[in-house]
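In: structure of the sequence below:
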Amino acid sequence: MIKIKINNFEFLVKPDISVLEACKYVGINIPRFCYHETLSVAGNCRMCLVEIEKSPKPVASCALPILNNMQIYVDTPLVKKARENVLETLLLNHPLDCPICDQAGECDLQDQTKLFGGDFSRFFFKKRGVEDKNCGPLIKTIMTRCIHCTRCVRFGAEIAGVEYLGTLNRGGSTEIGGYISTMFNSEISGNVIDLCPVGALTSKPYAFKARPWEIRINESVDLTDSTGSNIYVNFKESEIIRVLPKNNFDINESIISDKARFSYDAVKTQRIQSIFEKSKSTGFKNINWKELLTKMDNLLKSGKKIVVIVDEELDLESLDTLTQFSNTYKNQIKLRTLSTHNSENDFVGDFSKNRISEVKETSRFCFLLSSNLRLESAILNTKLRAKFLDQNIRVISGGYNFKSSFPAEFINLNLSKILNVFEGKAVDVSKIFLATKSPMIFIGESLTRRFSKSNVLLSFLKKVMPSAKIFSIKSSCNSSAVDLLNIKSINRKDIQDSEVVFAINLDDNLISRDFLANSRSIFWFNTHGSQLGAKCEFIVPTVSSFETEGIFLNLENRPQKSLKTLPGINDMRSVSSIFNAIGANYKLSTFLGYVAETVDNSKYFSSVKHLLISSIIPKDLKCVSKVSLYPSKPSVEDFFLKGRISKNSLTMLECSQEMRKNTTNF
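Out: Prediction:
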């Protein structure tokens with residue numbers, strides 16, 4: 001710690017930081033436009049000017065490093081006049097359209113003009129106009145409002161890895177834009193909306209929807225991938241208006257993916273709101289909950305074979321309820337999932353996995369195994385890119401090639417050759433891998449789905465490289481809970497032996513069409529309508545993640561809760577409440593009691609190492625896994641249309657179409 005003086009008051013601050021950061025550290029706010037904690041220092045807005053003792057003129061505090069015994073003055077008449085002049089210059093060409101600006105009410109330029117600006121202007125000429133840019137379906141641009149802080153330029157170059165925007169022309173003709181009018185093709189492009197301090201870059205889906213003082217805020221979790229980013233859900237009355245990132249240093253910091261930010265419109269698109277029963281003569285007719293529950297209860301009493309197929313995006317309480325439900329009728333009901341990577345004898349929930357926050361620790365080597373990290377987990381990809389820029393690490397990708405946002409060495413390896421690398425038989429690659437201290441290994445879902453028991457692969461890697469940090473990237477938000485509850489994968493025999501199917505929150509594209517071939521009763525529990533659902537005998541509406549509370553485990557097994565934002569409409573019910581109505585009102589299992597506690601007390605998460613589930617420990621455990629040698633292929637081919645919710649979002653569909661329009665074959 002070093003000693004400094006701010007306005008003649010002594011403070012102790014950390015060394016190797018800027019004057020602006022030192023003032024922020026002791027609780028003194030200095031206005032700024034171009035400076036942002038996650039970006040490099042530009043020093044071009046000059047709003048953060050302060051006076052330094054023995055300095056002939058004010059200096060930019062964001063670019064000046066702190067020194068021992070430095071004397072700083074942040075509110076002298078000279079500093080106040082300098083800020084007033086800077087604001088007057090910024091407002092020379094800024095349009096006076098605050099009443100129609102979506103940024104109004106949460107605009108940095110408004111706030112700082114109110115605090116530090118003058119009450120008149122010396123400018124008498126016409127304002128300059130700038131042509132708006134086309135950034136795609138997500139970002140609305142009104143570039144006349146731009147104050148050239150270059151936050152969006154630095155975000156694209158440093159964090160997103162897409163140098164889409166740049167500074168054009170010079171002097172009074174300076175503007176922000178791109179040389180080619182294309183879509184901002186990045187999985188995290190929407191974050192420039194939060195970074196823009198004025199209304200130059202705003203959200204297209206949010207345009208003219210509401211004012212900040214009309215909006216209510218709720219905390220939730222992003223369920224479009226397995227990272228579990230923290231988000232704020234903004235809603236007005238009974239409609240979700242927008243989604244913003246919630247700062248969480250352990251997971252997503254202050255960045256979220258475009259799917260998390262813009263796919264919320266799926267909540268009101270193609271929703272199932274009533275219960276339908278299909279008859280051969282009259283087609284579909286409405287029935288009530290009493291009639292449906294009576295039919296389900298009669299099926300249980302009749303002794304018919306039932307298979308329950310669940311999606312990995314189901315919340316932990318619903319999965320646990322279905323597990324207890326199937327155990328109660330274990331001779332009659334089989335609980336299965338569509339995933340192909342979960343372990344059949346996965347009797348230990350390993351909660352000592354490597355944390356997302358450890359990605360930025362010192363490790364000079366990274367190995368990607370059949371993983372397109374950019375599409376599978378955009379947040380982890382951002383952290384890895386930041387690590388590459390800071391430490392210049394070496395990244396080797398094995399499996400299939402993809403367009404990375406940072407330099408990576410691609411090695412074309414099939415599955416048997418990947419295993420040879422870890423066994424030391426692939427001389428060149430094995431030498432690099434085994435000689436590296438604490439390498440990071442990212443395993444894609446396209447590799448783990450080739451193993452009948454994926455934990456065998458993870459255990460083997462831990463034995464070969466005990467110091468390695470291993471991240472198993474999963475495509476769904478609650479895949480870890482499916483593994484934890486030991487829900488097995490479905491096979492053709494399960495379908496053939498069944499007389500009744502309960503299909504819960506399934507995605508059409510992931511289901512084989514032949515399970516409709518036989519004349520069996522199919523209950524289609526889902527939030528959205530689909531072609532496959534229209535062929536089933538019963539259609540039952542369920543609630544989305546915005547309409548109920550739920551606990552979800554992300555890829556590091558961290559439990560997080562999504563809170564209820566909207567009420568369910570008409571006959572919508574949660575899956576757990578439906579099956580509790582025909583069961584014995586199941587409660588959360590004892591061995592998962594820790595999960596509910598950890599949600600409210602995050603400090604418990606770092607102390608828990610393993611969770612033993614004694615009720616399902618097999619007597620004769622054999623750590624043997626069958627391996628499929630089919631070639632690896634990407635588990636996520638279209639970023640915007642991955643997942644049941646994203647496929648029902650009109651905004652995501654528009655993004656997918658725009659991305660394909662810009663794609664060429666040469």
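In: tell me which residue is most central in this structure.
Out: With distances taken as Cα atoms, centre = their mean, the residue of the chain nearest its centroid is Ser229 (4.6 Å).
In: verify the stated contact: that residue with Asp222.
Out: Yes. If you go by Cβ atoms under 8 Å, Ser229 and Asp222 touch, sitting 4.1 Å apart. Using the backbone N, CA and C atoms, a C-beta is placed for each residue, glycine as well.
In: which residues do those two both contact?
Out: Between them, Ser229 and Asp222 share these contacting residues under Cβ atoms under 8 Å, 6 or more residues apart in numbering: 252, 256-257, 260.
In: closest to Leu96 out of these?
Out: Using Cβ to Cβ, Ile256 is the member of these that lies nearest Leu96, at 32.4 Å.
In: sec struct for that closest one, please.
Out: coil (DSSP: H, G, I helix; E, B strand; the rest coil).
In: with Leu375 instead?
Out: Secondary structure, three-state DSSP: Leu375 is helix.
In: mind checking pLDDT for the closest residue to it other than its chain neighbours?
Out: Of all residues not flanking Leu375 in the chain, Val636 sits nearest, at 4.2 Å (Cβ to Cβ, 6 or more residues apart in numbering). pLDDT for Val636: 84.
In: next one: Thr150
Out: 93.
In: do the same with Asn491
Out: The model reports Asn491 with a pLDDT of 79.
In: repeat that for Ser512.
Out: pLDDT, Ser512: 61.
In: what's the answer for Ser343, then?
Out: 47.
In: give me the number of residues near Leu39?
Out: Other residues within reach of Leu39, judged by other Cβ atoms under 10 Å, total 19.
In: with adjacent residues omitted, what lies nearest to it?
Out: In space, Leu39 is closest to Arg154, 4.5 Å off (Cβ to Cβ, 6+ apart).
In: picking up where we left off before, where's the residue nearest to Leu375, which helix or strand?
Out: Applying DSSP states H and E as the criterion places Val636 outside every helix and strand.
In: with Ala210 instead?
Out: Ala210 belongs to no helix or strand when assigned by DSSP H and E.
In: that one reaches Glu237, doesn't it?
Out: No. Ala210 lies out of contact with Glu237 (Cβ under 8 Å); the separation is 9.5 Å.
In: which ones are touching Ile176?
Out: So Ile176 contacts 143, 146, 148, 150, 152-153, 165-168, 200 (Cβ under 8 Å, 6+ apart).
In: would you map the strands across the stretch 351-500 of the chain?
Out: For the stretch 351-500 of the chain, the strands defined by DSSP state E, counting those that start in this stretch cover 365-369, 394-398, 409-411, 440-443, 469-472, 488-489, 500-504.
In: before we move on, what about the stretch 51-200 of the chain?
Out: Along the stretch 51-200 of the chain, counting by DSSP E, counting those that start in this stretch, strands occupy 59-60, 71-73, 139-141, 166-168, 175-177.
In: likewise for the stretch 201-350 of the chain?
Out: Under DSSP E, counting those that start in this stretch, the stretch 201-350 of the chain gives strands at 201-203, 216-221, 230-236, 239-245, 275-279, 283-287, 306-310, 333-337, 348-350.
In: rewinding a little: next up, the contacts around the residue nearest to Leu39.
Out: When contacts are counted by Cβ under 8 Å, 6+ apart, Arg154 touches 39-40, 42.
In: now, which of the residues you listed lie within strands?
Out: In strands, judged by DSSP state E, none of the contacts of Arg154 are found.
In: Ala210 and Glu237: who's more crowded?
Out: Between Ala210 and Glu237, counting by other Cβ under 10 Å, Ala210 is the more crowded of the two (17 against 9).
In: and the gap between that one and Thr174?
Out: 33 Å (Cβ to Cβ, to the nearest Å).
In: now do Lys661
Out: 30 Å.
In: neighbour count winner among those two?
Out: The neighbour count for Lys661 versus Thr174, taken as other Cβ under 10 Å, is higher for Thr174 (13 against 10).
In: what ranges do the helices span in the stretch 101-250 of the chain?
Out: Counting by DSSP state H, counting those that start in this stretch, the stretch 101-250 of the chain has helices at residues 108-116, 151-154, 191-195.
In: ok so, going back, put together a markdown table for the strands of the stretch 201-350 of the chain, with distance to Asp508 and mean neighbour count on each row.
Out: A markdown table is the format used below for those (distance: least, Cβ to Cβ, whole Å; neighbours: other Cβ atoms under 10 Å):
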| stretch | distance to Asp508 | mean neighbour count |
| --- | --- | --- |
| strand 201-203 | 29 | 22 |
| strand 216-221 | 25 | 17 |
| strand 230-236 | 26 | 20 |
| strand 239-245 | 24 | 19 |
| strand 275-279 | 17 | 17 |
| strand 283-287 | 18 | 12 |
| strand 306-310 | 13 | 24 |
| strand 333-337 | 16 | 21 |
| strand 348-350 | 31 | 18 |
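In: which residues touch the residue nearest to Asn8 when sequence neighbours are not counted?
Out: Spatial nearest neighbour of Asn8, chain neighbours left out: Gln71 (7.8 Å); criterion: Cβ to Cβ, 6+ apart. Gln71 sits next to 4-5, 8, 52-53 when contact means Cβ under 8 Å, 6+ apart.
In: what bridges to Gln71?
Out: Counting by DSSP bridges, Gln71 is bridged to Lys5.
In: returning to that earlier point: tell me how many other residues crowd the residue nearest to Leu375.
Out: Neighbours of Val636 (other Cβ under 10 Å): 21.
In: from Ser238, how far off is it?
Out: Distance of Val636 to Ser238, given as Cβ to Cβ: 32 Å.
In: Asn288 too?
Out: Per Cβ to Cβ, Asn288 is found 23 Å from Ser238.
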